[in-house]
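Colleague: show me the folded form of this:
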Amino acid sequence: MKKVGILGGTFNPPHFGHLIMANEAYHSLGLEEVRFMPNAAAPHKEVHGADTAQRLKMTELAIEDFPQFRIEDYEIKTGGVSYTYNTIRQLVEQESDKEFYFIIGGDSVAQLNSWHRIHELADLIQFVGIGRPGYDSATDFPVMMIDSPEMHLSSTMLRERVAANRPLTFFVPEKVEAYIRKEGLYGPEQDASTR
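Modeller: Residues are numbered from 1 along each chain as shown. This next block holds a predicted model:
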């Protein structure tokens with residue numbers, strides 16, 4: 001079976017931390033590809049500052065120079081609240097020749113017990129956890145942990161940098177920063193605490 005990684009998220013904005021996570025999983029597990037899957041509406045967080053189309057475009061720009069990465073737009077096309085269980089169930093049915101590895105950050109590992117239909121989800125895919133500074137990765141669920149260079153980088157911090165008129169150089173791909181500036185996303189006219 002072909003091994004496919006999936007990295008889901010709001011990607012608001014996507015940053016080098018996301019690319020490093022995907023690349024570490026790709027090489028460590030011998031994956032055929034890693035799909036970046038922006039959600040339409042996350043059940044655990046409210047999305048501010050960029051709409052769905054803008055988040056999808058930024059993600060496309062972030063990965064377009066890396067042939068091992070591609071977009072999975074299932075949740076965007078489906079719309080509504082994006083529950084991972086529903087998505088993975090559909091992908092498994094549609095692509096029975098694939099073995100899916102769902103890549104999550106260390107901050108998400110300890111929260112798996114709050115995920116929708118988590119026990120059934122864990123039967124469908126293999127969770128892959130990427131360590132993250134300051135987060136406990138203990139869980140009762142089967143998670144394959146991968147060692148990775150640690151980066152204390154978050155989309156929240158990047159939105160706050162833009163709002164404070166600080167550069168994103170070395171945090172996001174140049175194409176993503178150019179798009180953020182062109183679209184006027186996360187600007188200082190918005191209150192960073194509300195994004």
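Colleague: what segments of this structure are helices?
Modeller: For the chain, applying DSSP state H gives helices covering 16-29, 52-63, 74-78, 84-94, 106-109, 118-124, 155-163, 174-183.
Colleague: and the angle from the last one to helix 16-29?
Modeller: So the one you mean is helix 174-183. 150 degrees (axes from the mean of the first three to the mean of the last three Cα atoms, to 10 degrees).
Colleague: in helix 174-183, what's buried?
Modeller: Counting neighbours by 16 or more other Cβ atoms under 10 Å, one finds that the buried residues in helix 174-183 are 176-177, 179-180. For every residue, glycine as well, the C-beta is placed using N, CA and C.
Colleague: likewise the longest one?
Modeller: The neighbour-count check on helix 16-29 (16+ other Cβ under 10 Å) flags 16-26, 29 as buried.
Colleague: the helix or strand bottoming out on mean pLDDT in the chain - contacts with which helices or strands?
Modeller: Scoring the helices and strands of the chain by mean pLDDT, DSSP states H and E places helix 106-109 at the bottom, with a mean of 82. Under the contact criterion of 3 or more Cβ pairs under 8 Å, 6 or more residues apart in numbering; DSSP states H and E, helix 106-109 touches strand 126-130.
Colleague: convert the C-alpha atoms of the strand it packs on to CSV, please.
Modeller: Taking Å, rounded to 0.1, in the frame of the first residue of the first chain, the C-alpha atoms of strand 126-130 are listed here in CSV:
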residue,chain,number,x,y,z
GLN,A,126,-1.8,6.0,12.2
PHE,A,127,-1.2,9.2,14.2
VAL,A,128,2.3,10.7,13.8
GLY,A,129,3.3,13.2,16.5
ILE,A,130,6.0,15.8,16.0
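Colleague: who's in contact with it?
Modeller: Contacting residues not belonging to strand 126-130 are listed as 5, 21, 24-25, 29, 99-106, 108-109, 112, 137, 139, 141-146, 148 [Cβ atoms under 8 Å, 6 or more residues apart in numbering].
Colleague: again, 6 Å this time
Modeller: 21, 25, 101-105, 109, 137, 143-146, 148 (Cβ atoms under 6 Å, 6 or more residues apart in numbering).
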